[in-house]
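Engineer: Build me a model:
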Amino acid sequence: LLPGTAFVELAARAGAEVGCPRVDELTLHAPLALPESEGSGAVALQVWIQAADESGQRLVAVYSRPEDADPDLPWTRHASGSLSADAAPRPEGLTAWPPPGAEPADLADLYPRLAELGYDYGPEFQALRAVWRRGEEVFAEVASAVGPTDADRYGIHPALLDAALHAQLVGTAPGEGQSRALPSIPFAWSGVTIHTPGAAALRVRMAPAGPSAVTLTIADAAGLPVASVESLAVRPMTGEPDGHVRDAMFRIAWEELAEPDAKLETAIPSDVELFHVPPADDTVETPIAVRGALTAVLERLRESTSARLAITTSRIDTLTTAPIWSLVRAAEAENPGRHLLIDTDGRADSDRLIPWTLGTGEPEIAVRDGRAFVPRLTSSPASAAAQAVDRTVTENAAAQPWDPNGTVLITGGTGGLGALLARHLVAEHGVRYLLLTSRRGADAPGAKELRSELADAGAVVDIEPCDIGDREAVADLLGTISAEHPLTAVVHAAGVPDAGLIDALTPERLDAALRPKADGAWHLHELTQDADLAAFVLFSSAGGLFLGAGQGGYAAANGFLDALAAHRHRHGLPAISLAWGPWADTAGMTADLDDADLRRLDAQGVQLLPVERGLALFDAAVTAATTVADPADHTAAGADHTAPPPAQAPFLVPIALNLTALRTRQGPVPALLRSLARPATPTRGTAAGATPATLRRDLAAIPEPDREAFLRAAVTAHVAAVLGHSSAAAVDPYRAFQELGFDSLASVELRNRLNAASGLRLPATLVFDHPTSAAVAAYLRSELEGAVPTAADAVLAELDRIEALFAGSEQTPDRGKVAARLEALLRRWQETGPDTAENAGDLDSATDEELFQVLDEELGLS
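Structural biologist: Model prediction:
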């Protein structure tokens, strides 16, 4: 593995190249496994630095991937943080050596002990020469054990700095109840400044800087300052890394928006309809309250004729509000730019920001105590599930959710993911008692074979039919579990995907989506509250976040699961909700995906999750859920309505994202994914990749006889992109969309693309009313030509802008100067033709460039 200290060196060196040598923050996300031998596969590294912000600070990140990787393979992010030019003051050196009053420690058994634990450090990394302790301070002397190093090439040689950190283990005994102690590895660096680079030997002083952090003072062999680290957070090493799993585990974090200007917009724009959803009535049963709130919002989504619909709520993570957000996210995925979600705490200084939020370009905002926050999908932090993904090579002291003597209930357990999970729990976790449910029970396809296979593996399996949306049926089911093998874990994987656009989503279809997933989860929650459960796992879906187009009801049901996990967490009950991306299994909910669906997912930067990878993510998430801090710690934060939105500790998003495709995708990136999509280098424009509203502008510059052919080529290029073809030549512009393989989602995507390219608001029935590319092109021409501006229109618009500028200026001598210019311009125009009509004709025949040049020259505004 490349030591974590190497990422610090990379960041500091890159920062020095751009005048920002101080590493303000650097968080390590995933280790980098290097080739075991030369020629066995090189690794490409990429250090990315963002342009400086107003304070001079720059963001930095380090990525890698195999050098011979497919260009579409995503880069793995190993570290990210920030740089600045502000160097820390030069610290005092360590000239008094050995340190006065410090006691030497015996390090003779250090590296053999680490080797027994499975951590073999090579000769270059066994550089710790001596260690002393003085109270809580640790002092170390470090020099290479293999002779002279190339330290002069580095700020601090990574192997030397890594070895210095081993000093924390010297002289420590395993904690009480532990048979062996694990080494700690760097996790987050703060305030790293290199004062004198190139030291070949180090003296290091470490002192506590918090519960799991130290501060470092580093000097050379003469005691002169080399570097200083204000804080280094460390964590126990848990095993060998699985970078693929790490890259697929995400969570939602809330980032604060920049403070608005002092002069706030106070009026709601005329093209925006504001619709407030009041808090749910606590006296109404939860399933009924959820349906009532969703039905009201669904009706507003379908009936609103405003250009934009802003829906305001008052608590994001409640059982009734979370499904609303998921439903509206699905509507926004179908009609980008039309819907906004705003959650406020009801305070006056928060409510006054609502008009301002409408102009931020953010479709989802939470306002707390006069501050605005936006949700972003981000890599799951090391303290949560990502750290549990490592294959454990020592005894795991964490809580174990799978009691071999207890019964595990899996809903939806006879097919797809449920069956995969049942096999996994028996084979990998020693589960011996399983209760699997489905609508048909033992009569479900493959159920008998599954039971036989699990029995051969030593498990006792009951497969029962159960309508999980029926509370009585769930109670009867739980009543069949024997006291000898009590219920110890629940995995709710039941659900029925809903296919259909928001306009076609009826209350009946909404109920059909909610019943097995949301109602079933609620019944399980209520009926097991008194059980001693170690795990309560909810299989949610990324459809409730940003993949909900055409699945509004399913998205809403998954939003309820995410909120239920938070609800249980606040009440001290175990829970984790996993918003899965699509799996690569052939029997589950992705079994019906055709080639067009897969191409659509790929274009959005989403890949199918291999089964083994998905099961590893499941293990990671459940392990994290059983080692979360005391729920009381989260209850207080969750109850504070004025605090920033919670990070949703019991909610994770395991999904395989192709970040390269995400960063180069055509059209807007979903707001939730913006922090993952670094701006890509602009590519040369094509008809399908035109910038927003370019069709209108380009059409005005094209001779009238060529316009329809131009639009036909543009539409065909967009159709090809929707279908996943690399060239428009693959699409016959006169062939019906239905014959090309279009479905409702493809129709929506084409409409959205053409909306962005034309600046029009095209109807949802576009491909049904105009069933070929040629027909759509003819329709676009009729819509656009009536709106193509003439040269005179362009000049009049510019005069409107100038008039608005003058209206706000004060009475100064400059106004007279401008008036004289305007009068001179008017006289020139009057002298060029006999009458106004002829002058208007001159305007119409002039180009935009000619007219704007005249304005600039005459008014002195260029």
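Engineer: how does the protein divide into domains?
Structural biologist: 4-86, 103-241, 243-379+399-593+608-639+646-654, 694-785, 791-859 (automatic domain parsing).
Engineer: Relative to Ser675, which of these is closest?
Structural biologist: For these, proximity to Ser675 was assessed by C-beta to C-beta; domain 243-379+399-593+608-639+646-654 is nearest, at 4.1 Å. Glycine gets a C-beta too; all of them are placed from N, C-alpha and C.
Engineer: quick check, distance from the closest one to the centre of its chain.
Structural biologist: 16 Å (C-alpha atoms, centre = their mean, to the nearest Å).
Engineer: repeat for stretch 697-708
Structural biologist: Taking mean C-alpha positions (C-alpha atoms, centre = their mean), stretch 697-708 and its chain are 41 Å apart.
Engineer: swap in stretch 817-832?
Structural biologist: With C-alpha atoms, centre = their mean, you get 57 Å for stretch 817-832.
Engineer: Go through the helices and strands of the chain and name the one with the lowest mean pLDDT.
Structural biologist: Least confident helix or strand of the chain, by mean pLDDT, DSSP states H and E, is strand 391-392 with a mean of 30.
Engineer: ok so, going back, and the domains of the chain as a markdown table, adding mean neighbour count, distance to Leu676 and mean pLDDT?
Structural biologist: Putting those into a markdown table (neighbours: other C-beta atoms under 10 Å; distance: least, C-beta to C-beta, whole Å; pLDDT from 0 to 100) gives the following:
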| stretch | mean neighbour count | distance to Leu676 | mean pLDDT |
| --- | --- | --- | --- |
| domain 4-86 | 17 | 9 | 82 |
| domain 103-241 | 18 | 20 | 78 |
| domain 243-379+399-593+608-639+646-654 | 20 | 6 | 87 |
| domain 694-785 | 18 | 21 | 86 |
| domain 791-859 | 12 | 38 | 60 |
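Engineer: Turn these into CSV, columns for distance to Ala96.
Structural biologist: Output for the domains of the chain, formatted as CSV (distance: least, C-beta to C-beta, whole Å):
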stretch, distance to Ala96
domain 4-86, 26
domain 103-241, 8
domain 243-379+399-593+608-639+646-654, 41
domain 694-785, 68
domain 791-859, 69
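Engineer: right, and the helix or strand after the least confident helix or strand of the chain?
Structural biologist: strand 407-411 (DSSP states H and E).
Engineer: I'd say Asp574 and Leu538 touch.
Structural biologist: Heads up, residue 574 is Pro, not Asp. No. Pro574 is beyond contact range of Leu538, at 11.1 Å (criterion: C-beta atoms under 8 Å).
Engineer: So for the protein, the centremost residue is which one?
Structural biologist: For the chain, Leu377 is the residue whose C-alpha lies nearest the centre (C-alpha atoms, centre = their mean; 1.9 Å).
Engineer: What is the host helix or strand of it packed up against?
Structural biologist: Here Leu377, judged by DSSP H and E, is contained in strand 371-379. Here strand 371-379 touches strand 249-256, strand 364-368, going by 3 or more C-beta pairs under 8 Å, 6 or more residues apart in numbering; DSSP states H and E.
Engineer: Stretch 755-770: how far from the chain's middle?
Structural biologist: Per C-alpha atoms, centre = their mean, the centroid offset for stretch 755-770 relative to its chain is 30 Å.
Engineer: doesn't Phe250 make contact with the residue nearest to the centre of the chain?
Structural biologist: Yes. With contact defined as C-beta under 8 Å, Leu377 counts as touching Phe250 (4.9 Å).
Engineer: overlap in contacts of the two?
Structural biologist: Val653 (C-beta atoms under 8 Å, 6 or more residues apart in numbering).
Engineer: Name the nearest residue to Thr318, sequence neighbours excluded.
Structural biologist: Once flanking residues are discounted, Thr318 sits nearest to Ala563: 6.2 Å by C-beta to C-beta, 6 or more residues apart in numbering.
Engineer: Which element, helix or strand, includes the one you found?
Structural biologist: With DSSP H and E as the test, Ala563 turns up in helix 552-570.
Engineer: Could you list every helix and strand in contact with the following helix or strand past that helix?
Structural biologist: Where DSSP H and E defines the elements, the next helix or strand beyond helix 552-570 is strand 576-580. Contact analysis of strand 576-580 by 3+ C-beta pairs under 8 Å, 6+ apart lists strand 535-541, helix 552-570, helix 611-626, strand 651-654 as its packing neighbours.
Engineer: want to throw those into JSON lines with distance to Ala88?
Structural biologist: Formatted as JSON lines, these follow (distance: least, C-beta to C-beta, whole Å):
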{"stretch": "strand 535-541", "distance to Ala88": "45"}
{"stretch": "helix 552-570", "distance to Ala88": "40"}
{"stretch": "helix 611-626", "distance to Ala88": "35"}
{"stretch": "strand 651-654", "distance to Ala88": "36"}
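Engineer: For Glu739, find the nearest of these.
Structural biologist: helix 552-570 (27.6 Å).
Engineer: Return the list of helices and strands in contact with the closest one.
Structural biologist: Packed on helix 552-570, when contacts are counted by 3+ C-beta pairs under 8 Å, 6+ apart, are helix 286-303, helix 321-334, helix 507-514, helix 520-527, strand 535-541, strand 576-580, helix 631-639, strand 651-654.
Engineer: now with 7 Å?
Structural biologist: Secondary-structure packing of helix 552-570 (3 or more C-beta pairs under 7 Å, 6 or more residues apart in numbering; DSSP states H and E): helix 321-334, helix 507-514, helix 520-527, strand 535-541, strand 576-580, helix 631-639, strand 651-654.
Engineer: The last one pairs with which strands, and in what direction?
Structural biologist: Within its sheet, strand 651-654 is paired with strand 249-256 (antiparallel), strand 576-580 (parallel), according to DSSP bridges.
Engineer: Using CSV, write down the CA coordinates of it.
Structural biologist: C-alpha atoms of strand 651-654 as CSV (Å, rounded to 0.1, in the frame of the first residue of the first chain):
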residue,chain,number,x,y,z
PHE,A,651,-28.9,6.2,5.7
LEU,A,652,-26.3,5.2,3.1
VAL,A,653,-26.3,5.0,-0.7
PRO,A,654,-24.5,2.0,-2.1
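Engineer: Whichever helix or strand comes after it pairs with which strands?
Structural biologist: Next in sequence after strand 651-654, counting helices and strands by DSSP H and E, comes strand 656-657. Strand 656-657 has its sheet partners listed here by DSSP bridges as strand 606-607 (antiparallel).
Engineer: quick one, what contacts the closest residue to Gly412 other than its chain neighbours?
Structural biologist: Counting by C-beta to C-beta, 6+ apart, the nearest residue to Gly412 once its immediate chain neighbours are dropped is Ala494, at 3.5 Å. Counting by C-beta atoms under 7 Å, 6 or more residues apart in numbering, Ala494 touches 411-412, 468, 516-517, 520.
Engineer: Now do the SS call for Ala494.
Structural biologist: coil (DSSP: H, G, I helix; E, B strand; the rest coil).
Engineer: where's it relative to Asp282, distance?
Structural biologist: 27 Å (C-beta to C-beta, to the nearest Å).
Engineer: want to throw the strands paired with strand 651-654 into TSV with distance to Thr27?
Structural biologist: Converted to TSV, those look like this (distance: least, C-beta to C-beta, whole Å):
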stretch	distance to Thr27
strand 249-256	12
strand 576-580	23
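Engineer: Nearest approach to Gly441 belongs to which of those?
Structural biologist: strand 576-580 (24.4 Å).
Engineer: what mean pLDDT does the following helix or strand past that closest one have?
Structural biologist: For strand 576-580, the succeeding helix or strand toward the C-terminus, using DSSP H and E, is helix 595-603. Throughout helix 595-603, pLDDT has a mean value of 74.
Engineer: Identify all contacting residues around helix 595-603.
Structural biologist: So helix 595-603 is contacted by 582, 661, 665, 723-724, 741, 743, 745-746 (C-beta under 7 Å, 6+ apart).
Engineer: Check stretch 204-221 too.
Structural biologist: Contacts for stretch 204-221 (C-beta under 7 Å, 6+ apart): 91, 93-94, 136-140, 142, 156, 164, 167-168, 196, 199, 201-203, 225-235.
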